[in-house]
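Chemist: Sharing a model that was predicted from the sequence below.
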Amino acid sequence: MPKTLSFSSLTGTVCRRGKSALRWRRIRQAFAIGFSRQLSTVRTFRKAARRPKPGEVFAVSQDRDNRTFGLEPCLGPADTASACTVSDWLYLHDLDVAVVKDIASACFAETLRDVPKQFSGCGTDKRRVAEIGSLQDGLKQFIVPAFTAEFGHRYDIAGLLSRVQFEQSARNRDGRPSPVDRGEEFRPVVSLNWNGQVADLIALAHESAHIVQLALSRHDPMPPVARETCAFLGELLLLRYLQAQAPDLFGALCRVWSIENGGYLVEDFDLLWAALADLDTPYRYNLNYPLARLTAAYLFDQQAFSLTVLFESGSRAMRFLPVDEMARQTDAIHNSLPSLPDPEDEPLCLKHYRSVGAAALLDLETNSSQAGLGLREYFTDITTHLKDGTVLIWLSRDRAPMGYATWSGTPDREPPLTLHAVAPFGGHAKLHYLLERRHGARAPGHQLAEEIQVW
């Protein structure tokens, strides 16, 4: 057997879920709708259109507990932006790592929808349309009526968007399309290259939603995930309007939107997943897109939810995002892994082999970085942790593997450093709880839930 052979190369259909499954589903979809050649061009345009200047990344605001987000390094010039970390990003949004990982797991397992139900067939229509016309044509014919249908009962959307000063992106110092908030007393600016294409119309809806959100919140700075959620909701409002009023244009726009959806939920989710493994990783604005994209799709399906309330919420916006509810979608993930026998009935060496097998299956289900290791390296790593007592395998009530974690056994570190943790079927919070109990961080008297067992 070649030394370079990895566990992931042996998966076949074992890795039915995970990032690789989602990745290949998106790639197949791209080719199926005859849009694969445009993937790179559209994705490059959207990355440029969505990324604000580093100095605009974090705005000083207050969370639900009136806690000030004093992330000064992120408010400085571009050369100081690297001082912001993933830990800062989590703090700013009042997010827990376990919750973000569970949302990712639900997305990878497809128990959390990434496309609103009314657009479930989005991307399959192959009809084409001519150029849309000028930017003002796109704004007046499509964006304004789409947004007015949602917000027009309280706000003059046509008046709000008529104040926007549109400029070509090339005129900006960094050349990137973006909205610029200059305060209530001045006209907002949107820098955007307009070529009359479908992708331009989606970008116009996105940036216009930013402007509407700023106006409705009276320029109260909104955390980036919430801000991008509003912008993605603007795209969905446009889709809903076109579905009813311009079916041909809806089909063409839906194809581009589907391709972009795959980019946000593959490329950027890969970036986010890797960043969560090391909270000292430098912050990048792309980390906001996966959560914002999923949250927008989830909220769009909630008919009782008021988008107006969200757009008006400003710095309080995170309390309106159903991140905990989205994380609970992991409850619907089916665990197909085999149950482990009672270890009391087996010799120690066989238990160790079963432990290696359980860890390998969990890594394959997650498509984690460990799954790409060579067989010899992987086996040595796990057995070393087993020997040192620095591995924990979490089992369900029927003794099926649910997740596992390894940590550093360095005696002078308190608490120990978690090296690797996966829970492909959700429950990252439970796995973290088990680690705290194992390390003694929890106070005596806390009882493990009945369904939580440790191998």
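Modeler: Looks like it came in fine.
Chemist: in this structure, which ranges drop under the pLDDT threshold?
Modeler: For the chain, the stretches flagged by pLDDT under 70 are 1-82, 123, 125-130, 169-177, 368-369, 371, 409-414, 440-455.
Chemist: at 50 instead, please
Modeler: 1-19, 23-73, 75-81, 442-452 (pLDDT under 50).
Chemist: Identify the residue nearest the geometric centre of it.
Modeler: Central residue of the chain (Cα atoms, centre = their mean): P290, 2.3 Å from the mean position.
Chemist: Quote the end-to-end distance of stretch 100-117.
Modeler: 23 Å (Cα to Cα, to the nearest Å).
Chemist: Okay, buried residues for it please.
Modeler: For stretch 100-117, the neighbour count (16 or more other Cβ atoms under 10 Å) marks 100-109, 111-116 as buried. C-beta: built from backbone N, CA, C; applies to glycine.
Chemist: tell me the two of those residues that are most distant?
Modeler: K101 and P116 (23.6 Å; Cβ to Cβ).
Chemist: and the gap between the closest residue to R154 other than its chain neighbours and F147?
Modeler: For R154, ignoring the flanking residues on the chain, the nearest one in space by Cβ to Cβ, 6 or more residues apart in numbering is T308 at 6.4 Å. Plainly put, T308 is 11 Å away from F147 if you go by Cβ to Cβ, to the nearest Å.
Chemist: who has more neighbours, those two?
Modeler: F147 (25 against 14; other Cβ atoms under 10 Å).
Chemist: Can you name the residues that contact that one?
Modeler: By Cβ atoms under 8 Å, 6 or more residues apart in numbering, the contact list for F147 reads I157, L161, S208, A209, V212, G234, L237.
Chemist: picking that back up, residue contacts, the residue nearest to the centre of the chain?
Modeler: A104, C107, Y264, L265, D268, F269, L272.
Chemist: from these, which is closest to P401?
Modeler: The closest of those to P401 turns out to be A104 (Cβ to Cβ; 18.8 Å).
Chemist: How far does the lengthiest strand in the chain sit from its chain's centre?
Modeler: When the chain is parsed with DSSP state E, its longest strand is strand 401-407. With Cα atoms, centre = their mean, to the nearest Å as the basis, strand 401-407 stands 23 Å off its chain's centre.
Chemist: Strand partners (parallel or antiparallel) of it?
Modeler: strand 391-395 (antiparallel), strand 418-422 (antiparallel) (DSSP bridges).
Chemist: For it, which outside residues touch it?
Modeler: In contact with strand 401-407 (Cβ under 8 Å, 6+ apart) are residues 335, 337, 340, 358-359, 361-362, 381-382, 385, 390-396, 416-425, 427-428, 430-431, 434-435, 439, 455.
Chemist: Cross-reference those residues with the helices and report the matches.
Modeler: The members of these that map onto helices under DSSP state H are 358-359, 361-362, 381-382, 385, 428, 430-431, 434-435, 439.
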